[in-house]
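*Asks:* Have a look at this prediction, sequence included:
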Number of protein chains: 2
Amino acid sequence: MVQAATLPRNEAGIETAVGILKQRFGDRLQTGAAIRAQHGHTTTWIENQSPDAVVFPHSTEDVAQIIRTCGAHKVPVIPFGTGTSLEGHVNAPAGGISVDLTQMNRILAVNTSDLDCIVQPGVTREDLNTHLRDQGLFFPIDPGANASLGGMAATRASGTNAVRYGTMKDNVLSLEAVMPDGQVIRTGHRARKSSAGYDLTRLLIGAEGTLGIITEITLRLQGIPEAITSARCSFPTVDAACQAVMMTIQYGIPVARIELLDQMSVQAANAYSGLDLPETPLLLLEFHGSDSGAAEQAETFGQIAAEFGGVDFTATSTTEERNKLWQARHDMYWASLQLRPGAQGISTDVCVPISRLAECVTAAQDKAQELGLLAPIVGHVGDGNFHTLVLLDMEIATEVSAAEEFVGWLNDLAISMNGTCTGEHGIGQGKRPYLVKELGAATAYMAAIKAALDPDNIMNPGKIL
Amino acid sequence: MVQAATLPRNEAGIETAVGILKQRFGDRLQTGAAIRAQHGHTTTWIENQSPDAVVFPHSTEDVAQIIRTCGAHKVPVIPFGTGTSLEGHVNAPAGGISVDLTQMNRILAVNTSDLDCIVQPGVTREDLNTHLRDQGLFFPIDPGANASLGGMAATRASGTNAVRYGTMKDNVLSLEAVMPDGQVIRTGHRARKSSAGYDLTRLLIGAEGTLGIITEITLRLQGIPEAITSARCSFPTVDAACQAVMMTIQYGIPVARIELLDQMSVQAANAYSGLDLPETPLLLLEFHGSDSGAAEQAETFGQIAAEFGGVDFTATSTTEERNKLWQARHDMYWASLQLRPGAQGISTDVCVPISRLAECVTAAQDKAQELGLLAPIVGHVGDGNFHTLVLLDMEIATEVSAAEEFVGWLNDLAISMNGTCTGEHGIGQGKRPYLVKELGAATAYMAAIKAALDPDNIMNPGKIL
């Protein structure tokens, strides 16, 4: 495991706050070692730093009480959704109270006429989409994991559909949140747009729980498209695939998803999902529109792909065929792990301007090889965003340090290409040094905002800044 | 004129700062009454509050010097773009220095492969689009006026294309800004998306210059669509037109513009632009796509419109016909003024959930009539956003007070419908009371952020908060 910095613990405050909250919440406050460890769980290599207690609020008022109690005793508060974040977001480096929001999971309103809905933060994206299906609506953001919508907002999540539908910042109309002083605010209402004052909605989106806890989310929804066409196409090189992506975007094809699998990922997918894809870089696509519109998009893409040496182009509108392809994409994490049974997968993401993407991906492949690391790559390439999954034996110290070198090198490279050290995973604990490299002086103003809103630094301390 | 609150003036500080800046900027600092009055100009009814001097920076370093000088002497700094804002944004209620950014008007880079560009804040949207045309690209945000892109970012502008392309918040990738302490920051780089830290980009967008001055803007661009089809359709009532809009959006037709003109506006357009439109509520639309795609969108809309009693539906792809229609829309301000020659037009905007739009527009028409006001309405109705242009004789005090009553009533109504007191005009001086009504406790956190970043309140004081 990679060490995460610990912060000084306020033992007396923690003890007092846990006592008070136990009185209020009874069995809804847990202090068992297993549940605490689970709430410090991180799917990366950062060591577990468990909270001292886990509390399960049912309402905004519950959350406000928790924050007020913790504020009065200067005790850290760490919001918890489904625990699928990747950079140590839910760790408790100074101890404190994990606020598990999974029981705040009600869908409060769906306004079909306005294509919006209001949900509690513990609703997962799959729950929401199941609920919406009969109404012909869907919520498009898909980060892979069945994450909670509160967590997705807090980490500014995105994923495969972002190239068309944007990220969480584009799909949240407004929020209700409990601020570090325990006050409840609304950042807006249900208007599609507003220029009323500072954009607190966007300030809380991506703040990773360091400025408050999101207790209600008003989301934009989309109508389920009349037609969905999936396609795949194999390319001789990563460069050729990226050229095709660039041309597709420039052409204005409103592609809903456009995913790159590098050669190693395709090999993994073939083995795991029983496919027989050509073992060269692959693009997987999805087009949304009317019957003729989606077909036209796929056809135009096919022509572009052919220009760049794309082969084995196939497009399908049948649900079964589509699901098979996308299931393979969704299973990539598990498929990749099978490239080295017993290894742990460390996922890191960067995002660069699309014109630099081929160069960045190719350099990452070369660097991994140079360091002796197995590291398949998949990417939401329409946005210039890709993930490298480093397959590690955590018991071998030289491998871990090689992987650390690789991740640092990749972040630096992305920043040097006018990109970002994280397209969608966030900063958490893991990427704090790169945030400073990327944004320099701007981080001082982030710190000033944090200090102004949370002077005692109780909200998810040790993250982002 | 409607009075705007004045704030205490720091006479000694202003005199010192003007002296220092005069030394540095020479003829690029002006103190003549006419130029000062022009820079306190507001196109609304709020009285002119002129700055003490106007300075014309040429570089980020110039802006930093101005802010540092003003900061050292606690003198207000008021950024100025083209002066087309509508709520007193450029007034100087405590005096101070107007920073006119029109000479920072260079397009620094256009990256066609990445569909982005970097501009200085004084570049206007028309200048940018003229520059881009040969490269097959355009910047979609069109607030009507040929505003500067810095001003558009600072006020979170949007306009007719927002229903498809979003507002400034969706089309700015990152900013360079000079903060209130004179430090220069970058809020991001050229990645299409990032989850690196607090979203300072979105915090500055819509902050109306109260948190710093934007000195460089990295913008997303769009490819000019293969085909543009315009259409118009007349409806028996505002309600029927709004029902058609709602169905169009629910259908997922990616309409690029969908504008409502109420009956009075249609009458004004006919008279001013020599048209012979049926004098009932009208929808004007634009569709972007491939040849077949745009045509299909128009056809589908035509079917929807017919369901709601739409008549006289016409669609055209010829540039001349399109321009004639949209010129009439763009001329609505002047056309409306001709409904009452000599009157001043006071434009106010609100935005509500689309399901409440018909009710809100109809209530506004009734209320204006009840108060004896002439007030044609046009709207970016795909977003639920509309503008009422109250035609006033500013010499008649009872009219002015009736108009004030009307504007207040309309803002309250929009807020009561889960909407916002401003969809795109911003808060400035004019809408400050409504911001508090709309967002309540949240405004205290805006004030805390303002105090943290600008403790001496030098950046555009008296606006938003």
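*Replies:* Alright, I've got the coordinates.

*Asks:* Give me the neighbour count for A:Glu271.
*Replies:* Quick fix: residue A:271 reads Ala, not Glu. For A:Ala271, the tally of surrounding residues (other C-beta atoms under 10 Å in any protein chain shown) stands at 12. All C-beta atoms are positioned from the backbone trio N, CA, C, and that covers glycine.

*Asks:* does it sit in a helix, a strand or a coil?
*Replies:* Classification of A:Ala271 using DSSP: H, G, I helix; E, B strand; the rest coil returns helix.

*Asks:* In contact with it, which residues are there?
*Replies:* Residues near A:Ala271 by C-beta atoms under 8 Å, 6 or more residues apart in numbering or on different chains: A:Ala335, A:Gln338, A:Leu339.

*Asks:* Test my guess that the first one contacts A:Ala269.
*Replies:* Yes - between A:Ala335 and A:Ala269 there is a contact under C-beta atoms under 8 Å: 5.3 Å.

*Asks:* Just the ones of the contacts of A:Ala271 in strands?
*Replies:* Among these, none falls in strands (DSSP state E).

*Asks:* Produce a ChimeraX select command limited to the buried residues of those residues.
*Replies:* Provided next is the ChimeraX selection string for whichever of the contacts of A:Ala271 are buried by 16 or more other C-beta atoms under 10 Å in any protein chain shown:
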select /A:335,339
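
*Asks:* Any idea how many residues pack against the residue in the stretch 201-350 of chain A positioned nearest to chain B?
*Replies:* Taking C-beta to the nearest C-beta, chain B has its nearest neighbour within the stretch 201-350 of chain A at A:Arg202, 3.5 Å off. As a burial measure, A:Arg202 scores 25 neighbours (other C-beta under 10 Å).

*Asks:* now A:Gln369
*Replies:* By the measure other C-beta under 10 Å, the count of residues near A:Gln369 is 11.

*Asks:* what's near enough to touch it?
*Replies:* Residues counted as contacts of A:Gln369 (C-beta under 8 Å, 6+ apart): none.

*Asks:* A:Ala241 and A:Ile258 touch, don't they?
*Replies:* No - the pair A:Ala241 / A:Ile258 is not scored as a contact, 9.8 Å apart, by C-beta under 8 Å.

*Asks:* picking that back up, list residues touching both of A:Ala335 and A:Ala269?
*Replies:* Common neighbours of A:Ala335 and A:Ala269 (C-beta under 8 Å, 6+ apart) are A:Ala328.

*Asks:* More neighbours: A:Ala241 and A:Ile258, which one.
*Replies:* Each of A:Ala241 and A:Ile258 has its neighbours counted (other C-beta under 10 Å); A:Ala241 has more, 30 against 26.

*Asks:* mind checking the SS state of A:Pro180?
*Replies:* Under three-state DSSP, A:Pro180 falls in the coil class.

*Asks:* Run a quick neighbour tally on A:Gly182.
*Replies:* Residues near A:Gly182, counting by other C-beta under 10 Å, number 17.

*Asks:* First-to-last residue distance for stretch A:130-143?
*Replies:* One end of stretch A:130-143 to the other measures 16 Å (C-alpha to C-alpha, to the nearest Å).

*Asks:* swap in stretch A:198-206?
*Replies:* Stretch A:198-206 has an end-to-end distance of 16 Å (C-alpha to C-alpha).

*Asks:* Against A:Gly136, how distant is A:Leu453?
*Replies:* Distance, A:Leu453 to A:Gly136, by C-beta to C-beta, to the nearest Å: 40 Å.

*Asks:* meant to ask about A:Thr300, not that
*Replies:* Separation of A:Thr300 from A:Gly136 (C-beta to C-beta) stands at 27 Å.

*Asks:* More neighbours: the two, which one.
*Replies:* A:Thr300 (17 against 13).

*Asks:* pretty sure the more buried one is in contact with A:Gly252, am I right?
*Replies:* No - counting by C-beta under 8 Å, A:Thr300 stays clear of A:Gly252, with 9.7 Å between them.

*Asks:* For A:Ser317, list the residues it contacts.
*Replies:* A:Ser317 makes contact with A:Ala227, A:Ile228, A:Thr229, A:Ser230, A:Ala294, A:Ala295 under the criterion C-beta under 8 Å, 6+ apart.

*Asks:* try it again with 6 Å
*Replies:* Shown in contact with A:Ser317 (C-beta atoms under 6 Å, 6 or more residues apart in numbering or on different chains): A:Thr229.

*Asks:* Can you read off the pLDDT for it?
*Replies:* What the model reports as pLDDT for A:Ser317 is 88.

*Asks:* residue nearest the centroid of chain A?
*Replies:* The residue lying closest to the centre of chain A (C-alpha atoms, centre = their mean) is A:Ala157, at 3.9 Å.

*Asks:* Give me the phi and psi for that residue.
*Replies:* Main-chain torsions, A:Ala157, degrees, to the nearest 10: phi -70, psi 160.

*Asks:* Same question for A:Thr300.
*Replies:* For A:Thr300, the backbone dihedrals (degrees, to the nearest 10) come out as phi -60, psi -40.

*Asks:* residues touching it, list them.
*Replies:* Taking C-beta under 6 Å, 6+ apart as the criterion, A:Thr300 is in contact with A:Ile253.

*Asks:* Next one: it from A:Gly293, what distance?
*Replies:* Computed as C-beta to C-beta, the A:Thr300 to A:Gly293 distance reads 11 Å.

*Asks:* Quick one: name the residues of the stretch 351-465 of chain A near chain B.
*Replies:* Neighbours of chain B within the stretch 351-465 of chain A, by C-beta under 6 Å from any C-beta of the partner chain: A:351, A:353-355, A:383-384, A:418-424, A:426-427, A:435, A:438, A:441-442, A:446, A:448-449, A:452, A:464.

*Asks:* Select only the buried ones of those residues in ChimeraX?
*Replies:* This is how ChimeraX selects the buried members of these, with burial counted by 16+ other C-beta under 10 Å:
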select /A:351,353,354,355,383,384,418,419,420,421,422,423,424,426,427,435,438,442,446,448,449,452,464
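
*Asks:* Just the endpoints, please. Distance across stretch A:452-465?
*Replies:* 14 Å.

*Asks:* now swap in stretch A:374-391 and tell me
*Replies:* Start-to-end span of stretch A:374-391 (C-alpha to C-alpha) is 6 Å.

*Asks:* who's in contact with it?
*Replies:* A:160, A:162-163, A:245, A:249, A:258, A:260-262, A:264-265, A:268, A:332, A:336, A:339-340, A:343, A:345-349, A:351-354, A:357, A:361, A:364, A:368, A:373, A:403, A:423, B:192-193.

*Asks:* ChimeraX command for the buried members of those?
*Replies:* The ChimeraX command for the buried members of those (criterion: 16+ other C-beta under 10 Å) is given here:
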select /A:160,162,163,245,249,258,260,261,262,264,265,268,332,336,339,343,345,346,347,348,349,351,352,353,354,357,361,364,368,373,403,423 /B:192,193
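
*Asks:* Just the ones of the contacts of stretch A:374-391 in strands?
*Replies:* Checking the contacts of stretch A:374-391 against DSSP E, those in strands are A:Ile258, A:Leu260, A:Leu261, A:Gly345, A:Ile346, A:Ser347, A:Thr348, A:Asp349, A:Cys351.

*Asks:* Out of those residues, which two sit at the greatest distance?
*Replies:* The most widely separated members of the ones in strands among the contacts of stretch A:374-391 are A:Ile258 and A:Ile346, with 24.9 Å between them, by C-beta to C-beta.

*Asks:* Point out the residues in the stretch 51-200 of chain A that sit beside chain B.
*Replies:* Near chain B, the residues belonging to the stretch 51-200 of chain A are A:113-114, A:156, A:158, A:167, A:183, A:185, A:187, A:189-200 when assessed by C-beta under 6 Å from any C-beta.

*Asks:* Just the buried ones from those?
*Replies:* In terms of neighbour count (16+ other C-beta under 10 Å), the buried residues within these are A:114, A:156, A:158, A:167, A:183, A:185, A:187, A:189-200.
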